[in-house]
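**Q** The following block contains a protein sequence and its predicted model.
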2 protein chains.
Amino acid sequence: MRSFCLVAALAVVTLGQQVGAQDQPAPPFDLDSGDVITQVLLPTIIPYIYSDISPTASDAPLVLRLTTLATNALFDATAPYHPTAVGLYTRLDRRPEAEATPRNINIAATYSVYRMLNTFLPRRMDVWRKMVEDLGLDPDDNSMDPTTPVGIGNLAGMGVVRGRSNDGMNQLGNEYSRTFNPLPYGDYTGYMPVNTAYELLDPSRWQPDLQIFGAGLYKIQQFVTPQYALVEPYSYESPEAYSVPAPLASDHSNFAIYKAQVDHVLRVSQRLTDEQKVKAELFDDKIQSLGFSTIFMAQSRGLSPVELIQLDFLNNLATFDAGIFVWQEKRRWDAVRPFSAIRYIYGDNYVSAWAGPGKGTLSLPASQWRSYLEEADHPEYPSASACFCEAHAQSMRRYFGSDALGYPVEVKAGMSRIEPGVTPAKDLTVTFPTWTDFSSDCGQSRIWAGVHFQAAVDESQAVCKVFGDMAYDYWKQLVDGTARPRAPSNGR
Amino acid sequence: MRSFCLVAALAVVTLGQQVGAQDQPAPPFDLDSGDVITQVLLPTIIPYIYSDISPTASDAPLVLRLTTLATNALFDATAPYHPTAVGLYTRLDRRPEAEATPRNINIAATYSVYRMLNTFLPRRMDVWRKMVEDLGLDPDDNSMDPTTPVGIGNLAGMGVVRGRSNDGMNQLGNEYSRTFNPLPYGDYTGYMPVNTAYELLDPSRWQPDLQIFGAGLYKIQQFVTPQYALVEPYSYESPEAYSVPAPLASDHSNFAIYKAQVDHVLRVSQRLTDEQKVKAELFDDKIQSLGFSTIFMAQSRGLSPVELIQLDFLNNLATFDAGIFVWQEKRRWDAVRPFSAIRYIYGDNYVSAWAGPGKGTLSLPASQWRSYLEEADHPEYPSASACFCEAHAQSMRRYFGSDALGYPVEVKAGMSRIEPGVTPAKDLTVTFPTWTDFSSDCGQSRIWAGVHFQAAVDESQAVCKVFGDMAYDYWKQLVDGTARPRAPSNGR
């Protein structure tokens, strides 16, 4: 049973503060010299990802969906100002090199994201409008002139809206002829868990958990977007060409290995270190881990604003497309999470483990154990986070031709979301010298978090590099201008 | 399927603004002349009821629980300054009349609520602490001197904590020897719905609904605090002495009346007026309806601060105790909500009804119908709101010796929570000349909201007056000083 706050707070890491919500009003943005992405768009949008989409930015399908569409719009809007790049959903004539000014790029970028957000996150239309106005731009300028930055931005944004409105994700809630009271992102595949939150009828299969909202309201998990498996990938044909092996240790008829898998998670829970806790929280948050590591690379390697956009789109291509595969497999195996399996094996018997926020390791009834982090809203196997990180790491290696990273995340004492005031005991800086370190820790952090078994991590890491490679290959064609134009998606 | 915002906004009604969250810093509070209840305590606490407990203040067991314990603490803390009143959980010596100053009463009131909140809403301890500090008082003053206002407040608050920590509500999450990872308000009775959100296996019984959180995260309802039925009432022995008849029309084997009941809700949905929508939203919010009508009475009838406290405790006694009975019956009958029954009867066939926010009345597939308001997290029969209002109205009639009310609620055009910018079309003031009007509209508003059948309203109205009477009778003994001291509750 998991805690899930009604009102989210941004986790405090150094880089997070740099591009995240700001305590005081920013100085006026200068269209001629500023970088609208890191100075305006990200700081405006990110708080609403936490407040409106996913309180801990851990609901990957929803978070990555929005960031992917945003970076797609940005990519397409800036392609005409790049020497060779072509948009995915809009093929506009290239602008003369002299027009590739910060002002034009900032304006095109802003309108592209504005149009996308008005369709895909309309509940905050007033915020998006104000964001445009605050830049001295006109939110009602609907120009479709492909020779002006406003027109290019509008065309690029609307192109992504057309291209991705019906790609299978049901983002508008209108799949299966639903025309009244749309259910955005609602499942239309008819997924039903075999277990209930109340009874573990099949100890091999996924059990939705009870979650507490606020001070005492309980809700039950629902598999988030099972239809993600049916979304059209950007960089490959179909996820059906890829698979992970059956999770044998999650089959309770294999009792010995089922129990060994459970015992491994408990052993890890028993020995949790501050560094493991901090990393578990970092990698749970897809903005802080996947997003900010990308921006770190762009900034530390001196990329231009357009290159930053392109790099961030590459990051999103890799993870978004990896997710389609992961969801296919999660649905196929529908595997049990540790919290259910631990209760199944040990019931009210005592186990030695992390005993809750601020309690350290104690002997407690297994039925009262909880994982360090809340489990995400989907079956356990394979690990989505491990797959995202592996695909992300490989796409970055391909771009930079190197495994080097060096991403430092500074966490002040007591700034843990799960153990505020307690963890970490001292200021802590975790660093990831290489992408291999990043991906390895990312995967293991799901065991530290208590939400995955080892096989889910290992199998994701074994297969998911290919999604980084395919994303990079497709992205390279887009940047080089050799990719074919793309028709609006109608799902798979 | 219901919409449920991650971040709550206070509904804007005139009185709500008066005592609710404030836009600008209030002037410094004067302990010698101010009224700490309406000027400090309510404005501080109410926003956290919305943010931490129930986003629309519609989860009655949790909302009423907190307001009941708060007013109980206040009643007990001010009893020594009243000519005759005695506390429930603390019996302190009466103070000399000269000590019954606004300052002493304000101080005793503040500490009593502060102690209660630190135990029962500890997640906001820093806010409660600051509230005390801002009054120029010392939050670390733990005096238990029954001759000083600080000591009286501390003793009264701690008395309620002791008195109600183990009364069956499981507010601390420690029932059934749960000592690790407590689940505040968690069910310990083993309630399991016979239906799932996915399948209506028994069309007579309650089906948990899917609810959307934020832009696209779905969660499934869980019966909120089934154990409320087991809580010790304040003003009577046991709810088992009271009952409502079986909900025959919710039994799908009685097909004709089952269908007639469904058709009635659809007919109401088809003809929804702005006034009905506004009243539905008003009565859904237990703070705006039950709480503020009480404060209106106190203010419009010129009650003193201590009398306001006593009146508000009476309101809470009546509704809290009525809820224990309602939960007993809800659990007994476990009855289907309109949304399930409508789908069961009509499936994908078209019906004419309210077609969603801002859409008015249209012909739509019954499977795509939604109720105007989200259903609360519990079975349908009988109506909790109707019972609360009936008990509340009767307790007020007894106090004032009159049915007269006159409570006006002003709603600006477009301020509806469900249809913002649309409803009401024009500024609207709804008034309730009498308590009979108030209770009648309150009950019917649950049909207008689409969340109840008529029988659930009628049967609550038929039986629930008695809870107002019993609450008043017990409360009168407390005010007159004839009530027996009360031992800490151990549930029923």
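**A** Cool, got the structure.
**Q** so what's the residue in the stretch 51-200 of chain A that chain B sits nearest to closest to, chain neighbours aside?
**A** Residue of the stretch 51-200 of chain A nearest chain B, by CB to the nearest CB: A:Tyr185 (3.3 Å). C-betas here are computed from N, CA, C, even on glycine. Excluding its sequence neighbours, the residue lying closest to A:Tyr185 (CB to CB, 6 or more residues apart in numbering or on different chains) is B:Gly216, at 3.3 Å.
**Q** just to revisit the earlier point, would you agree the residue of the stretch 51-200 of chain A closest to chain B is in contact with A:Met169?
**A** Yes - if you go by CB atoms under 8 Å, A:Tyr185 and A:Met169 touch, sitting 6.9 Å apart.
**Q** Identify the contacts common to the two.
**A** A:Pro61, A:Thr225 (CB atoms under 8 Å, 6 or more residues apart in numbering or on different chains).
**Q** pretty sure A:Arg397 is touching A:Asp403, no?
**A** Yes - here A:Arg397 lies in contact with A:Asp403, judged by CB under 8 Å, at a distance of 5.6 Å.
**Q** The two: who's more crowded?
**A** Legend: neighbour count by other CB atoms under 10 Å in any protein chain shown for A:Arg397 and A:Asp403, higher for A:Arg397 (21 against 16).
**Q** Could I get the contacting residues of the more buried one?
**A** A:Asp403, A:Trp435, A:Gly468.
**Q** how far out from the middle of the chain is the helix ranked longest in chain A?
**A** The longest helix of chain A (DSSP state H) is helix A:305-333. Distance of helix A:305-333 from the chain centroid (CA atoms, centre = their mean, to the nearest Å) equals 8 Å.
**Q** If we go by neighbour counts, what in that helix is buried?
**A** Neighbour-count burial for helix A:305-333 flags A:305-331, A:333 (criterion: 16 or more other CB atoms under 10 Å in any protein chain shown).
**Q** quick revisit: for the contacts of A:Arg397, which one is nearest A:Val224?
**A** A:Gly468 (23.2 Å; CB to CB).
**Q** which stretch of helix or strand covers that closest one?
**A** Using DSSP states H and E, A:Gly468 falls within helix A:465-480.
**Q** Mind giving me the packing neighbours of that helix?
**A** Here helix A:465-480 touches helix A:305-333, helix A:384-400, going by 3 or more CB pairs under 8 Å, 6 or more residues apart in numbering or on different chains; DSSP states H and E.
**Q** Report the mean confidence score over that helix.
**A** The pLDDT scores in helix A:465-480 average 98.
**Q** Could I get the contacting residues of the residue in the stretch 201-350 of chain A positioned nearest to chain B?
**A** Nearest residue of the stretch 201-350 of chain A to chain B: A:Gly216, at 3.3 Å (CB to the nearest CB). Shown in contact with A:Gly216 (CB under 8 Å, 6+ apart): B:Ile53, B:Leu62, B:Gln171, B:Pro184, B:Tyr185, B:Thr225.
**Q** again with A:Tyr346
**A** A:Val262, A:Ala366, A:Ser367.
**Q** go again using 7 Å as the cut-off
**A** A:Tyr346 makes contacts with A:Ala366, as judged by CB atoms under 7 Å, 6 or more residues apart in numbering or on different chains.
**Q** now A:Ala57
**A** With CB under 7 Å, 6+ apart, A:Ala57 has these contacts: A:Ile49, A:Tyr50, A:Val63, A:Asp285, A:Lys286, A:Ile287.
**Q** Next step: those restricted to helices.
**A** A:Val63, A:Lys286.
**Q** With neighbour count, pLDDT and distance to A:Ala391 added, can I get the contacts of A:Ala57 in TSV?
**A** TSV is the format used below for the contacts of A:Ala57 (neighbours: other CB atoms under 10 Å in any protein chain shown; pLDDT from 0 to 100; distance: CB to CB, whole Å):
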residue	neighbour count	pLDDT	distance to A:Ala391
A:Ile49	25	93	20
A:Tyr50	23	93	24
A:Val63	22	94	15
A:Asp285	22	96	17
A:Lys286	26	94	13
A:Ile287	24	95	17
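**Q** Which members of the contacts of A:Ala57 are the farthest-apart pair?
**A** Of all pairs in these, the most separated under CB to CB is A:Tyr50 and A:Lys286 at 11.1 Å.
**Q** per-residue confidence for the residue of chain A most remote from its centre?
**A** Relative to the C-alpha centroid of chain A, counting by CA atoms, centre = their mean, A:Asn349 is the outermost residue, at 36.8 Å. Note on A:Asn349: pLDDT of 98.
**Q** That one is in contact with A:Ala366, isn't it?
**A** Yes - with contact defined as CB atoms under 7 Å, A:Asn349 reaches A:Ala366; the gap is 5.7 Å.
**Q** Name the helix or strand for A:Ala70, please.
**A** helix A:60-78.
**Q** can I get the CA coordinates of that helix in CSV?
**A** Written as CSV, here are the backbone C-alpha positions of helix A:60-78 (Å, rounded to 0.1, in the frame of the first residue of the first chain):
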residue,chain,number,x,y,z
ALA,A,60,6.3,7.0,-17.6
PRO,A,61,3.7,6.6,-20.4
LEU,A,62,2.0,9.9,-19.6
VAL,A,63,5.2,11.8,-18.8
LEU,A,64,7.1,10.6,-21.8
ARG,A,65,4.1,11.0,-24.0
LEU,A,66,4.0,14.7,-23.3
THR,A,67,7.8,15.3,-23.5
THR,A,68,8.0,13.3,-26.7
LEU,A,69,5.2,15.3,-28.4
ALA,A,70,6.8,18.6,-27.2
THR,A,71,10.3,17.7,-28.5
ASN,A,72,8.8,16.4,-31.7
ALA,A,73,7.1,19.8,-32.2
LEU,A,74,10.3,21.6,-31.4
PHE,A,75,12.3,19.4,-33.7
ASP,A,76,9.9,20.0,-36.6
ALA,A,77,9.7,23.7,-35.9
THR,A,78,13.5,24.2,-35.9
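**Q** The helix or strand following it versus helix A:60-78: what angle between them?
**A** Scanning forward in sequence from helix A:60-78 by DSSP H and E, the next helix or strand is helix A:102-120. Using axes from the mean of the first three to the mean of the last three CA atoms, to 10 degrees, one finds that helix A:102-120 and helix A:60-78 are set 140 degrees apart in direction.
**Q** neighbours of the nearest residue to A:Glu97 once chain neighbours are set aside, just the number please.
**A** Nearest residue to A:Glu97, sequence neighbours excluded (CB to CB, 6+ apart): A:Pro83, at 7.7 Å. Neighbour count for A:Pro83, taken as other CB under 10 Å: 10.
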